[in-house]
Every structure is written in C-alpha cells, then in structure tokens.
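J.: Dropping the sequence and predicted coords here.
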Amino acid sequence: DDELQTDGNRSGHFQNGELGLVPTNEDVIRIIAAQLAEIGDQLDKEIQGRVVNDLVQHFLNENLSREEITRHMSRVVRELTRSIPSDMEQEKAMLVLAMVLTKKIVNTVPSLLHRVFNTTVNYMNQQLHNYVAEMVSAIKQ
C-alpha cells in the first residue's frame with residue numbers, strides 16, 4: 001500500500017472523510033515480522049559497507065530511473081543471496097536482504113527515505129509478491 005508504519009499501529013485510510021482501518025490479521029503480521037527481524041539481525045553483519053555505499057550512490061544519482069535503480073538493487077540482492085547459507089529459502093533471504101539494505105541505506109543517508117522505500121516496495125512487488133502472499137497464507141493456517 002506504499003505505507004510505512006513503524007509505531008505498531010494498524011494502517012488506516014480515509015474513506016468519505018472517516019478513518020477506516022485496513023483489515024489485517026495483526027497476529028500473523030507480528031509473527032512474520034518477528035521471524036524476518038531475527039533473520040535480518042543475522043544477515044545485517046554480512047553486508048559490507050561498500051555494498052551499501054554503492055547503492056547510496058545509485059540512489060543519489062538523479063539521472064537513474066526508478067527501474068534502473070530497482071534492477072541494480074535486485075542484482076545486489078541476488079549477489080548477497082549467494083553468500084547466505086543454503087538451508088534458508090532463497091525468497092526469504094531476498095526479502096530480508098532487501099529490507100536490511102533499505103535500513104542501512106536510510107541510516108546512511110536519511111534524506112533518501114522516500115526514494116529508497118518506493119524502490120524497495122517496487123522490488124518486492126516485482127520479485128517477491130507471491131512469496132509474501134504464500135508466507136501469510138502459511139502462517140494463517
């Protein structure tokens with residue numbers, strides 16, 4: 001939904017002037033978030049500063065389109081995925097790496113938040129949409 005909620009509150013949208021809460025299964029989301037955060041903490045140490053700095057430079061380059069940056073981010077995630085233990089699902093590793101990279105880039109250059117967030121959402125929608133949907137379905141069952 002292109003919304004970033006960091007305070008633990010449910011996402012809401014205005015409908016006819018009133019705030020309507022988006023129906024979600026908060027327990028499912030919390031379980032998934034906890035699992036991904038744990039994996040992210042482990043992978044965070046594996047990402048070298050030069051990788052982050054290279055991505056920062058791409059995001060700072062105003063001449064690059066959103067698609068070009070998304071392709072570059074995808075390439076970086078695929079390369080980093082190769083160094084992940086083979087017992088982890090590739091899609092899960094890609095999802096967590098994308099989120100960890102986003103965090104590291106924004107921590108390095110906070111002014112890039114909007115561009116990095118939009119690129120990450122675009123990347124996840126293109127590459128990992130089905131995986132995320134399957135993960136939510138598996139937890140609900």
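T.: That came through, no problem. Residues are numbered from 1 along each chain as shown.
J.: roughly how far apart are Gly49 and Gln127?
T.: Distance, Gly49 to Gln127, by Cβ to Cβ, to the nearest Å: 24 Å. For glycine as for every other residue, the C-beta is placed from the backbone atoms N, C-alpha and C.
J.: typo on my end, it should be Ser74
T.: For Ser74 relative to Gln127 (Cβ to Cβ), the value is 6 Å.
J.: which residues in this structure form strands?
T.: If DSSP state E is used as the criterion, the strands of the chain fall at 12-15, 18-21.
J.: one step back: same drill for Gly49 and Gln127, tell me which one is more crowded.
T.: Gln127 (18 against 9; other Cβ atoms under 10 Å).
J.: mind listing what the more buried one touches?
T.: Ser74, Met94 (Cβ atoms under 8 Å, 6 or more residues apart in numbering).
J.: quick one, helices of this protein?
T.: Using DSSP state H, the helices of the chain run over residues 26-44, 49-60, 66-81, 90-108, 113-127, 129-140.
J.: could I get these as TSV with mean pLDDT?
T.: Putting the helices of the chain into TSV (pLDDT from 0 to 100) gives the following:
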stretch	mean pLDDT
helix 26-44	78
helix 49-60	91
helix 66-81	91
helix 90-108	90
helix 113-127	91
helix 129-140	78
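J.: Return the most buried member of the ones you listed.
T.: Ranked by mean neighbour count, the helices of the chain are led by helix 90-108 with a mean of 19 (mean count of other Cβ atoms under 10 Å).
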